[in-house]
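Participant: quick one, fold the following:
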Amino acid sequence: MKVLVIGSGGREHALTWKISKSKYVKEIFAIPGNPGIAQLATCITIDPTNIKAIADFAEREKINLTVVGPEAPLVAGIVDEFESRGLKIFGPSKEAARLEGSKAFSKEMMKAFGVPTAEFQIFDNPEDAKAYIKEKGAPIVVKADGLAAGKGVVVAQTVEEALEAIDKIMVDRVFGDAGNRVVVEECLKGEEASYLVISDGERYIPLAPAQDHKAVFDGDRGPNTGGMGAYSPAPVLSPELEEEVKKRVIEPMLKGMAERGTPFKGILYAGIMVTENKGIQVLEFNVRFGDPEAQVILRRMKTDLVELCKKTIEGNLPEKIDWDERTAICVVLASKGYPGKYEKGKVITGIEEAEKIDDVVVFHAGTATKNGKLVTNGGRVLNVTAMGKDIHEAIDNVYRAVDKIHFDGMHYRKDIGAKALKER
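Facilitator: Now for the predicted structure:
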């Protein structure tokens, strides 16, 4: 088989790494890829938002399966384009992908299907949004409606901070058209968990639960990022809570989407807040693998991913997925200043030394090659992953590997996995 991976980040490197282990795969292509992916695949320079050009390439190269990493091509309708040409592609349709593409649509679907979520209002007028915020008080959450690369959510601790977020999103339009509307919702307190399932439109199989760390600094302080680290399994989701998530979140959402004529195929990712007073609440839905959750989930997955994707597309889901019982952990190495402004072009060293440690794999996220050297080229630069017989060993292994790597201004959280230690 020839497989095409769409995307250029750490999630896509992890997907390519997992796909490369499949017995079915003869050749892998990536659009546009990165230097880490280039070690496993042929990287093709096509804009990942140019759907027609990507489909033309897939037809020309006789690609047997395309796997989409990021949300933007899914929201733009890449699956519809591929399917109209008879090309096999793993992911939801444009209409189903609105669950991530529009936070307002997602909240409306949750309300319609009875999925537990925070109280909310949707606004297309900044003054109306501000009036509602003043009425409700703080803390309160402001979300840009459209895609904002994981940075469109402001958890405002004061009314002033929330009003500033409205100006930033709707008036200054820092996220462009993604800020045409906002969702303003109550601020939930608790512990977050990521729950992902793979669905063929009717049935689903759960993936291993993982826990992401959104805030940039230790102790969950500072602004939200695309994710600073993850681990799997996630003890916060007990077997009882997992059953509750299936019954109250996943099943009504999949049933509701199918009944409205937009069945969901691919990865459905529920961002869950486990609260003390309201039980489980859905913060958001995503329509693809999380980043960096994919990095730990795929490290633990023993089942052939290519076979899994093929069977999902064919509406023939297997009964279960086999998992490594060990713990996987990922620590994100970021550029100084991320998630704000950061410099690029810093020379990276030590990856080979890090990967000499047993069960360590380093995935490239924001890297490039310049004058024959590997350099930083993004906010999140590398994803250092490790396995361990338990969370203690996994933490020890991953931070030993992190210590081997260096680039100027390298920033990372030193407490990834600490929550799991408390749960035990």
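Participant: centroid residue for the protein?
Facilitator: residue 290 (2.1 Å; C-alpha atoms, centre = their mean).
Participant: show me the contacts for that one.
Facilitator: 11, 194, 196, 210, 212, 227, 230, 269, 297 (C-beta atoms under 8 Å, 6 or more residues apart in numbering). No exception for glycine: its C-beta is placed from N, CA and C like everyone else's.
Participant: mind doing that once more with 6 Å?
Facilitator: Counting by C-beta atoms under 6 Å, 6 or more residues apart in numbering, residue 290 touches 194, 269.
Participant: tell me where this structure is predicted with low confidence.
Facilitator: With pLDDT under 70 as the threshold, the chain has low-confidence stretches at 423-424.
Participant: using the three-state scheme, assign the residue of the chain positioned farthest from its centre.
Facilitator: For the chain, the largest distance from the centre (C-alpha atoms, centre = their mean) belongs to residue 135, which lies 33.4 Å off. Secondary structure, DSSP: H, G, I helix; E, B strand; the rest coil: residue 135 is helix.
Participant: quickly list what residue 349 is bridged to.
Facilitator: On the basis of DSSP bridges, residue 349 is bridged to residue 406.
Participant: what about the residue farthest from the centre of the chain, distance to residue 128?
Facilitator: As judged by C-beta to C-beta, to the nearest Å, residue 135 and residue 128 stand 11 Å apart.
Participant: related to what we said a few turns ago, and the residue nearest to the centre of the chain, that one's in a strand?
Facilitator: No: judged by three-state DSSP, residue 290 forms no part of a strand; its state is coil.
Participant: tell me the spacing between it and residue 7.
Facilitator: 13 Å.
Participant: which residue comes closest to residue 218 once chain neighbours are left out?
Facilitator: Spatial nearest neighbour of residue 218, excluding adjacent residues (C-beta to C-beta, 6 or more residues apart in numbering): residue 415 at 4.6 Å.
Participant: can I assume that neighbour is in contact with residue 217?
Facilitator: No: shown here, residue 415 and residue 217 do not form a contact pair, counting by C-beta atoms under 6 Å, at 9.3 Å.
Participant: what's the helix or strand hosting residue 166 packed up against?
Facilitator: Assigned by DSSP states H and E, residue 166 belongs to helix 159-166. Secondary-structure packing of helix 159-166 (3 or more C-beta pairs under 6 Å, 6 or more residues apart in numbering; DSSP states H and E): helix 126-136, strand 140-144, strand 153-156.
Participant: between the ones you listed, which gets nearest to residue 117?
Facilitator: strand 140-144 (11.4 Å; C-beta to C-beta).
Participant: tell me what angle that closest one forms with helix 126-136.
Facilitator: If you take axes from the mean of the first three to the mean of the last three C-alpha atoms, to 10 degrees, strand 140-144 sits at 160 degrees to helix 126-136.
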